[in-house]
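S.K.: Predicted coordinates and the sequence they were generated for:
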Amino acid sequence: ADAPGGLDQPTSVAIARNGDIYVAEGHNPNYLHSQVVRYSAAGMRLGVIASKGTGFGEVMGPHALAFDSIGRLFVADRTNNRISIFDAKGRFLAAWKQFSRPSGIRIGKDDRIYVADSESNDGTGYGSNPGCHPGIRVGSARTGVVEEFIPVEPSTETGNPAAEGVAFDRTGAVNG
């Protein structure tokens, strides 16, 4: 983590069609290395496409990465309560807040997007995102429209009760 170009608590990896590798770093509690870094298929560091911050094109606690069918990179910009979207060259395109506080993202071949929110709450502290609740939001990666919400019941156990990630099994069923 302290070596130049080293990684500090990476949270997700995604591989572009051309083989470039994108790595999100966002699990450090102090957000020391909140960023998305791009590497060549051979592992050479090509640069940071999103660095720490709250402005558009910046990330804070990036937690998951996914590509859509046209090669746009979707970043679960969790602490900023949004999905940040970049083109294949790393240029910022949009920020979507309608998917709440994303911890996990999965995009199907049909560009249906599944976004896990494990932390939203109506409080004022960590995870504060008034009006939003933990669960999985399902919609379109093309339009950004949220079409469905799968709520998560609160747990009596300690820790996060909600799904932090989203995956598909080999039949295409969604697992959160």
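M.R.: Structure's in. What do you need? Bear in mind that the values here come from a model prediction, so they are computed numbers and not experimental data. Numbers count the residues shown, from 1 in each chain.

S.K.: Any stretches of the protein with poor pLDDT?
M.R.: Within the chain, the segments meeting pLDDT under 70 span 1-5, 29, 124-125, 127, 153-162, 174-176.

S.K.: go with 80
M.R.: By pLDDT under 80, the weakly predicted segments of the chain are 1-8, 27-32, 119-131, 152-176.

S.K.: For the nearest residue to V145 once chain neighbours are set aside, list the residues it contacts.
M.R.: Counting by Cβ to Cβ, 6 or more residues apart in numbering, the nearest residue to V145 once its immediate chain neighbours are dropped is G139, at 5.2 Å. Quick note: C-beta positions are derived from backbone N, CA and C, even for glycine. Contacts for G139 (Cβ atoms under 8 Å, 6 or more residues apart in numbering) come out as Q98, F99, R112, I113, V115, V145, V146, E147, E148.

S.K.: Beta-bridge partners for G139, please?
M.R.: In this structure, G139 bridges to I113, V146 when assessed by DSSP bridges.

S.K.: I'd assumed A95 was in contact with F56.
M.R.: Yes: F56 is in contact with A95 according to Cβ atoms under 8 Å; the separation is 5.6 Å.
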